[in-house]
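> Predicted model, plus sequence, below.
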Amino acid sequence: MVNEMGSTGASPDLSGRRAPVARWVVAVALLQALLLIGTSTRYGYHRDELYFIAAGGHPALGYPDQPSLVPLMAWLLNQAAPGSLLVLRLMSAIASALSAVVAGLVAREIGGSARAQVIAASCAASSAFALAVGHFVTTTTFDLLSTSVALWLLIRAVRRTSGPSLLAAGMVVGLGAEAKPQVAVVAVMVLLAFAVVGPRWPFRSRWLYGGIIAATLLFAPYLWWQATHGWPQLTVAANIAGSAEGGRLGFIPFQLVLVSPVLVPVWIA
């Protein structure tokens, strides 16, 4: 195990060389997926799942509180296996497990050894947030995955001066925003960070603007629907923020719960 993952004292390699993708990262993700799939039928429908199925049965470019991608997917899965919670929740479990793989890829991209990749994937897989959103159909599951993939691609772009990675990140953001618009907010914040602290070379690259165009085109159907219906999602978001659903614990304590108390040893270390 030690030989497989590298020495315990290895420091991050920032020279541009990258360790191979650790097969233990895949093992962690598979274990997470099996756990989620194996327990996916132990309780009934979540109210959001019933809403998604009903909404997906009435195809539209958008709905008052969300884009169309997740409702359409939920409806199709329910059509494929009516009443099967296992099939309905299968994509959520897979998406959550893939997020753990991406965490390992991010560790690799910034110079982490195989051991670092496994630690990153394990932390992601055992977080309360990833386990919760992998248990049922929710827009947040695909928000987590698409945001993680987009950030991994942006890190690749910065470290490798890779224009194509900027384009790919834009495509992921556009597609992810069709599941949950908050993905686009993260992308805007990254661009602001580039502008303020650098690197600034992406602003001189046609690949960045290609990525922005791709993201806009992919997200355009939902933007058009919202614009022609008076932007109802803004009203929904304001109501949620002012309700108990917005979080009773307070922002910071709630973030610690989402990360998971199981990871306290990692915080301490």
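Cool, got the structure. Residues are numbered from 1 along each chain as shown.
> With the flanking residues excluded, which residue is spatially nearest to residue 70?
Take residue 70 and drop its neighbours on the chain: the residue closest to it by C-beta to C-beta, 6 or more residues apart in numbering is residue 139, 5.0 Å away. Where you see a C-beta, it was placed from the backbone N, CA and C, and this is true even at glycine.
> who's in contact with residue 130?
32, 96, 99-100, 124, 144 (C-beta atoms under 8 Å, 6 or more residues apart in numbering).
> got the CA coordinates for the host helix or strand of residue 125 in CSV?
Taking DSSP states H and E as the criterion, residue 125 maps to helix 114-126. Extracted C-alpha coordinates of helix 114-126, given in CSV (Å, rounded to 0.1, in the frame of the first residue of the first chain):
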residue,chain,number,x,y,z
ALA,A,114,-1.0,9.0,-5.4
ARG,A,115,-1.3,9.1,-1.7
ALA,A,116,-2.5,12.7,-1.8
GLN,A,117,-5.0,11.8,-4.5
VAL,A,118,-6.5,9.0,-2.4
ILE,A,119,-6.8,11.3,0.6
ALA,A,120,-8.6,14.0,-1.4
ALA,A,121,-11.0,11.4,-3.0
SER,A,122,-11.7,9.8,0.4
CYS,A,123,-12.4,13.2,2.0
ALA,A,124,-14.8,14.1,-0.8
ALA,A,125,-16.5,10.7,-0.8
SER,A,126,-17.1,10.8,3.0
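> on contacts alone, who are the packing partners of that helix?
Using 3 or more C-beta pairs under 8 Å, 6 or more residues apart in numbering; DSSP states H and E, the elements in contact with helix 114-126 are helix 2-5, helix 23-38, helix 90-109.
> which stretch in those is the model least sure about?
The weakest mean pLDDT among the helices and strands packed on helix 114-126 belongs to helix 2-5, with a mean of 38.
> Please enumerate the strands of this protein.
62-63, 66-67 (DSSP state E).
> if we compare the ones you listed, which one ends up closest to residue 160?
strand 66-67 (31.3 Å; C-beta to C-beta).
> Mean confidence (pLDDT) on the closest one, please.
Strand 66-67 carries an average pLDDT of 92.
> So in that sheet, which strands flank that strand, and in what orientation?
If you go by DSSP bridges, strand 66-67 pairs up with strand 62-63 (antiparallel).
> I'd like the mean pLDDT over the strand it pairs with, please.
92.
> Please apply the same query to stretch 240-249.
60.
> ok, back up a step: okay if I get the strands of the chain as CSV plus distance to residue 77 and mean neighbour count?
Compiled in CSV, those are given as follows (distance: least, C-beta to C-beta, whole Å; neighbours: other C-beta atoms under 10 Å):
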stretch, distance to residue 77, mean neighbour count
strand 62-63, 18, 22
strand 66-67, 17, 23
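> of all the ones you listed, which lies closest to residue 129?
The nearest among the strands of the chain, by C-beta to C-beta, is strand 66-67 at 18.9 Å.
> Tabulate the strands of the chain in TSV, adding columns for distance to residue 56.
Below are the strands of the chain laid out as TSV (distance: least, C-beta to C-beta, whole Å):
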stretch	distance to residue 56
strand 62-63	10
strand 66-67	11
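> I'd like to know which of those lies nearest to residue 150.
Residue 150 sits nearest to strand 66-67 of all these, at 16.1 Å, using C-beta to C-beta.
> which residues are contacting that closest one?
By C-beta under 8 Å, 6+ apart, strand 66-67 touches 139, 177-181, 221-222, 233.
> looking at the helices and strands packed on helix 114-126, which is buried most?
Highest mean neighbour count of those: helix 90-109, a mean of 23 (counted as mean count of other C-beta atoms under 10 Å).
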